[in-house]
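Asks: okay, structure incoming, though there's no sequence with it:
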């Protein structure tokens with residue numbers, strides 16, 4: 001509306017100037033000057049109204065509701081002011097009959113034409129809001145009609161009627177024009193809104209795609225690459241030079257999570273990621289593979305940093321104190337792979353093998369993947385590949401080692417030990433066998449396989465009336481965490497009708513560290529009457545609270561404290577301490593690793609109640625056990 005008024009006023013002023021000139025020429029100079037001054041003053045007022053800023057035209061979507069309502073009211077007020085100013089201008093133009101003696105002078109035709117022109121122009125320009133042009137034209141046209149009617153002749157009466165018809169036509173046109181203008185504006189605004197919405201939707205979709213693409217290749221917590229992102233970023237680098245891959249695993253991170261909470265653990269991971277990024281050469285890649293495991297890929301040739309120097313630098317960087325934790329609490333172990341490989345997946349496997357070896361030697365160490373580790377990795381892969389068929393063919397064997405009372409002659413128990421003679425690799429150690437089962441997804445299958453052999457031995461003992469001889473079965477941390485041990489064991493014993501008291505489940509101190517995971521399972525076993533023993537006691541991190549929470553019935557002194565007992569005062573002191581702890585807590589104590597007569601005599605002198613070791617009896621298959629130890633009735637404790 002401001003634009004239409006500003007466009008119409010110059011025409012209005014030019015026509016007013018023409019009226020002034022005609023009035024001057026016809027001898028009405030004074031009246032014409034007064035009229036023109038009044039018209040110009042009103043036009044200047046209308047121009048001023050158009051130039052004053054209007055809050056409503058600054059309305060935005062982020063305005064507060066109260067401010068938006070105020071802005072909307074300001075538009076209504078401004079339109080009313082425009083309408084009043086237009087009406088005032090129309091009143092001035094209605095005074096034109098004073099310049100031509102009521103349209104009776106010779107100049108009447110000129111003023112009629114000027115009036116019709118200025119009113120038609122007002123309607124033509126005022127299409128946006130009909131009230132403003134109508135407020136302007138109503139007084140001039142009524143003035144013309146009244147003056148013509150007052151002259152009294154027929155022709156002028158007819159012309160007055162035409163003026164009224166002209167006024168009605170202009171009124172109809174003004175309202176129709178406003179309706180068309182509003183409809184066109186609505187469609188235009190809807191089109192703009194639709195286009196804006198489509199643009200915003202496109203921008204939002206593009207941003208979402210970018211975010212999803214970023215999330216697919218990056219770790220949300222640290223912002224580093226994830227495993228998929230590392231694989232993707234490495235594709236074009238593998239053939240450009242000899243790359244070094246370092247796989248890092250934080251030492252002591254579980255302690256931080258358990259003691260300080262997972263939020264503190266997350267802060268540690270973020271800080272480690274920041275430190276790694278700051279310590280790496282240019283064009284290096286850093287990734288978080290999951291949990292507290294990270295990977296670094298870089299080119300030693302272009303960076304000038306050997307992999308040994310890089311590993312030592314990263315160990316030093318991560319080992320710096322963290323805010324809120326004890327100095328030296330956190331560290332990092334690193335496995336390094338340096339050399340050509342067909343792909344990143346193979347490099348990760350090699351670096352992981354080196355990392356496993358590094359962690360076995362202590363914290364803050366690194367190990368480079370070498371020929372020996374490659375052979376071990378290949379052996380583990382062979383085991384994973386062959387274990388499934390071996391279980392089908394009953395190739396792994398379960399042997400039993402006797403446990404004796406303090407006199408070294410009365411059999412009180414048997415410990416089940418799994419043995420597997422691989423056709424190419426020879427005898428496989430139990431830890432390697434359990435690790436291979438875990439990697440091959442056969443953890444539960446191996447557990448059930450061993451349990452079947454153990455319960456078969458229980459049946460033999462039960463038939464011979466040796467219910468007092470218990471059979472101990474080792475359960476690894478992986479099995480305890482991943483397998484419903486309690487349900488499987490109780491179901492098997494119930495199915496065979498065997499007394500639960502004849503079975504003992506041995507767990508390591510490493511298993512006992514994660515109380516939350518194993519406690520419910522061990523408590524279920526204990527409630528069923530199955531005994532729980534803590535194996536390798538003294539070499540891990542078990543506490544008195546864990547012994548109480550796990551409701552252990554027996555602890556087994558690790559063989560490293562028993563073998564060679566006579567030559568070490570420290571060992572004797574530790575064994576006496578454990579025996580005293582057992583008596584204090586009401587726990588059975590078994591000394592493993594009795595390898596000599598001297599060890600046996602010292603343990604007997606200390607009052608150790610139960611003994612196990614090669615000096616007393618080696619592990620043997622079921623057949624040999626039945627042919628020797630079980631041939632006569634045994635006084636079992």
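Replies: Structure received. Note that the structure is predicted; figures quoted are calculated from it, not measured. Numbering: from 1, shown residues only.

Asks: where along the stretch 201-350 of the chain do the strands fall?
Replies: For the stretch 201-350 of the chain, the strands defined by DSSP state E, counting those that start in this stretch cover 244-251, 285-290, 293-298, 331-338.

Asks: output these as JSON lines; include the columns mean pLDDT and distance to residue 442.
Replies: For the C-beta atoms, the positions are set from N, CA and C on the backbone; glycine is no exception. As requested, those are exported to JSON lines (pLDDT from 0 to 100; distance: least, Cβ to Cβ, whole Å):
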{"stretch": "strand 244-251", "mean pLDDT": "92", "distance to residue 442": "24"}
{"stretch": "strand 285-290", "mean pLDDT": "92", "distance to residue 442": "22"}
{"stretch": "strand 293-298", "mean pLDDT": "92", "distance to residue 442": "23"}
{"stretch": "strand 331-338", "mean pLDDT": "91", "distance to residue 442": "25"}
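
Asks: of those strands, which is nearest residue 130?
Replies: With Cβ to Cβ as the criterion, residue 130 lies closest to strand 285-290 of the strands of the stretch 201-350 of the chain, at 68.5 Å.

Asks: tell me the angle the closest one makes with strand 244-251.
Replies: Strand 285-290 runs at 40 degrees relative to strand 244-251, counting by axes from the mean of the first three to the mean of the last three Cα atoms, to 10 degrees.

Asks: give me the mean pLDDT for stretch 399-418.
Replies: What stretch 399-418 shows for mean pLDDT is 92.

Asks: in that stretch, what counts as buried?
Replies: Neighbour counts over stretch 399-418 (16 or more other Cβ atoms under 10 Å) mark 399-406, 408, 411-418 as buried.

Asks: if we can go back for a sec, compare the strands of the stretch 201-350 of the chain and give me the one nearest residue 122.
Replies: The closest of the strands of the stretch 201-350 of the chain to residue 122 is strand 285-290. By Cβ to Cβ, the value is 73.5 Å.

Asks: so how far is the closest one off the chain centroid?
Replies: Relative to its chain's centre, strand 285-290 lies at 15 Å (Cα atoms, centre = their mean, to the nearest Å).

Asks: which elements pack onto that strand?
Replies: Under the contact definition 3 or more Cβ pairs under 8 Å, 6 or more residues apart in numbering; DSSP states H and E, strand 285-290 sits against helix 227-234, helix 262-279, strand 293-298.

Asks: could you dump those into JSON lines with mean neighbour count added?
Replies: Below are the helices and strands packed on strand 285-290 laid out as JSON lines (neighbours: other Cβ atoms under 10 Å):
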{"stretch": "helix 227-234", "mean neighbour count": "17"}
{"stretch": "helix 262-279", "mean neighbour count": "16"}
{"stretch": "strand 293-298", "mean neighbour count": "24"}
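
Asks: so residue 344 sits against residue 236, correct?
Replies: No: look at residue 344 against residue 236 with Cβ atoms under 8 Å: they stay out of range, at 11.5 Å.

Asks: what about the two, which has more around it?
Replies: Comparing residue 344 with residue 236 by other Cβ atoms under 10 Å, the one with more neighbours is residue 344, at 22 against 8.

Asks: now do the contacts for that one.
Replies: Taking Cβ atoms under 8 Å, 6 or more residues apart in numbering, we find residue 344 in contact with 230-231, 234, 238, 245, 297.

Asks: how many neighbours does residue 210 have?
Replies: Here the number of neighbours of residue 210 (other Cβ under 10 Å) works out to 10.

Asks: follow-up on the earlier one: so which of the strands of the stretch 201-350 of the chain gets nearest residue 1?
Replies: With Cβ to Cβ as the criterion, residue 1 lies closest to strand 285-290 of these, at 61.9 Å.

Asks: which SS class is residue 90?
Replies: helix (DSSP: H, G, I helix; E, B strand; the rest coil).

Asks: relative to residue 82, how far out is it?
Replies: Residue 90 sits 13 Å away from residue 82, going by Cβ to Cβ, to the nearest Å.

Asks: please apply the same query to residue 524.
Replies: The gap separating residue 524 from residue 82 is 86 Å, by Cβ to Cβ.

Asks: also residue 614?
Replies: As for residue 614, its distance to residue 82 is 111 Å (criterion: Cβ to Cβ).

Asks: nearest to residue 603, of the contacts of residue 344?
Replies: residue 245 (49.4 Å).

Asks: pretty sure that closest one is touching residue 349, no?
Replies: No: with contact defined as Cβ under 8 Å, residue 245 does not count as touching residue 349 (10.3 Å).

Asks: the more surrounded of the two?
Replies: Taking other Cβ under 10 Å, residue 245 and residue 349 do not tie; residue 245 has more neighbours (26 against 18).

Asks: tell me the bridge partners for the more buried one.
Replies: residue 297, residue 337 (DSSP bridges).

Asks: residue contacts, it?
Replies: Listed by Cβ under 8 Å, 6+ apart, the contact partners of residue 245 are 295-297, 336-338, 344, 347-348, 350-351.

Asks: check the offset of stretch 125-142 from the chain's centre.
Replies: Remark: stretch 125-142 is offset 64 Å from the chain centroid, using Cα atoms, centre = their mean.

Asks: let me see the ranges of the helices in the stretch 301-450 of the chain.
Replies: In the stretch 301-450 of the chain, the helices defined using DSSP state H, counting those that start in this stretch lie at 307-319, 344-360, 371-392, 430-439, 443-463.

Asks: that's all I had, so thanks and see you.
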